[in-house]
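Colleague: Sharing a model prediction with you, sequence too.
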Amino acid sequence: MSTWPDNKAAAVSLTFDVDAEAGWLGEGEEYARRLTILSEGRYGITRGVPRILELLARYDIPGTFFVPGHTAEHNPGLVNTLLEAGHEVAHHGHLHLRSDKVSTQRQRDEIERGLGALERAGAPRPAGYRSTSWELTPETFALLVEHGFTYDSSCMGDDRPYVERWNSLHILELPVHWSLDDYPRFGWNIDGGGNVADPEELQRCWISEFESARAERRHTTFTMHPEVIGRPYRLAQFERVIEHMATSNDVWFARLDDVAHHVAPALLELA
């Protein structure tokens, strides 16, 4: 069990991967001429992000936004908008390349180009990292330690904050899971198909997750993508989840960097 600020029973982090066009361009050069699929990524910026920011502001909830370097570079003002609203901007690669599919050098380039793009966009040095498609390799793990990231949010070895290890290296892990992600429910494309799920299932599943976190006095992380959850009928179900959590009056809504700051001393002392 953990002790959260104001003795809240649970800590909840709402996180958003702002992939935009990078989510597809990182899949291969052929996507650069696929204007329709790129436009869906752009929808996340033009419609999804504003709707999400308005929703979070109404409930006075801070979030964590994982922003690829490419997204920051091609959407001037986005990073400042997120920061001015009180949200965390964290690292999500540069061109959304999957670490397990590229060379060691390209993995380094993803980290360092992403850091540079976020800095140029006005973001403070990011505390956290989330790997593309939640595929973390030994090489990228070592780069996170080398570059001094405070936490990673890519692994699934626990449903509480823990220390993830690879050989002699370790990092604070704020874990994720596919069941707490919008994309497995609603992600779809013409090549691979996918799902167009009943949005009420999201509400039922995520409220159950929250209630289990309350019972166990733990932290949980929900992951969303603006082009996915930003569709109004899906966002309406997500708002019902927020309403349920907020009216419990028993939850600390926290950015991931704040959770990391809260739990790191006890966890890393034993690492």
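Modeller: It's in. All values derive from a computational prediction rather than experimental measurement.
Colleague: can you give me the strands in the stretch 151-271 of the chain?
Modeller: Assigned by DSSP state E, counting those that start in this stretch, the strands in the stretch 151-271 of the chain fall at 151-152, 162-166, 169-173, 188-189, 193-194, 219-224, 251-253.
Colleague: Repeat that for the stretch 1-150 of the chain.
Modeller: So, for the stretch 1-150 of the chain - with DSSP E, counting those that start in this stretch - the strands run 10-17, 64-67, 88-91, 128-129.
Colleague: tell me which strands and helices the last one is in contact with?
Modeller: Meaning strand 128-129. strand 88-91, strand 151-152, helix 256-269 (3 or more Cβ pairs under 8 Å, 6 or more residues apart in numbering; DSSP states H and E). For the C-beta atoms, the positions are set from N, CA and C on the backbone; glycine is no exception.
Colleague: ok, now the first one?
Modeller: When contacts are defined as 3+ Cβ pairs under 8 Å, 6+ apart, strand 10-17 packs onto helix 49-59, strand 64-67, helix 199-216, strand 219-224, strand 251-253, helix 256-269.
Colleague: Just checking the distance from that strand to the centre of its chain.
Modeller: Distance, stretch centre to chain centre, for strand 10-17: 8 Å (Cα atoms, centre = their mean, to the nearest Å).
Colleague: Name the residues that touch it?
Modeller: 2, 4, 49, 52, 56, 61, 63-66, 92, 130, 153, 174, 210, 213-214, 217-226, 229, 242, 245, 250-256, 259, 262 (Cβ atoms under 8 Å, 6 or more residues apart in numbering).
Colleague: For the residue lying farthest from the centre of the chain, list the residues it contacts.
Modeller: Ranked by distance from the centre of the chain (Cα atoms, centre = their mean), the top residue is residue 33, with 27.4 Å. Counting by Cβ under 8 Å, 6+ apart, residue 33 touches no other residue.
Colleague: just to revisit the earlier point, now mean neighbour count too, for the strands of the stretch 151-271 of the chain, in JSON lines please.
Modeller: Output for the strands of the stretch 151-271 of the chain, formatted as JSON lines (neighbours: other Cβ atoms under 10 Å):
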{"stretch": "strand 151-152", "mean neighbour count": "24"}
{"stretch": "strand 162-166", "mean neighbour count": "16"}
{"stretch": "strand 169-173", "mean neighbour count": "19"}
{"stretch": "strand 188-189", "mean neighbour count": "13"}
{"stretch": "strand 193-194", "mean neighbour count": "12"}
{"stretch": "strand 219-224", "mean neighbour count": "24"}
{"stretch": "strand 251-253", "mean neighbour count": "20"}
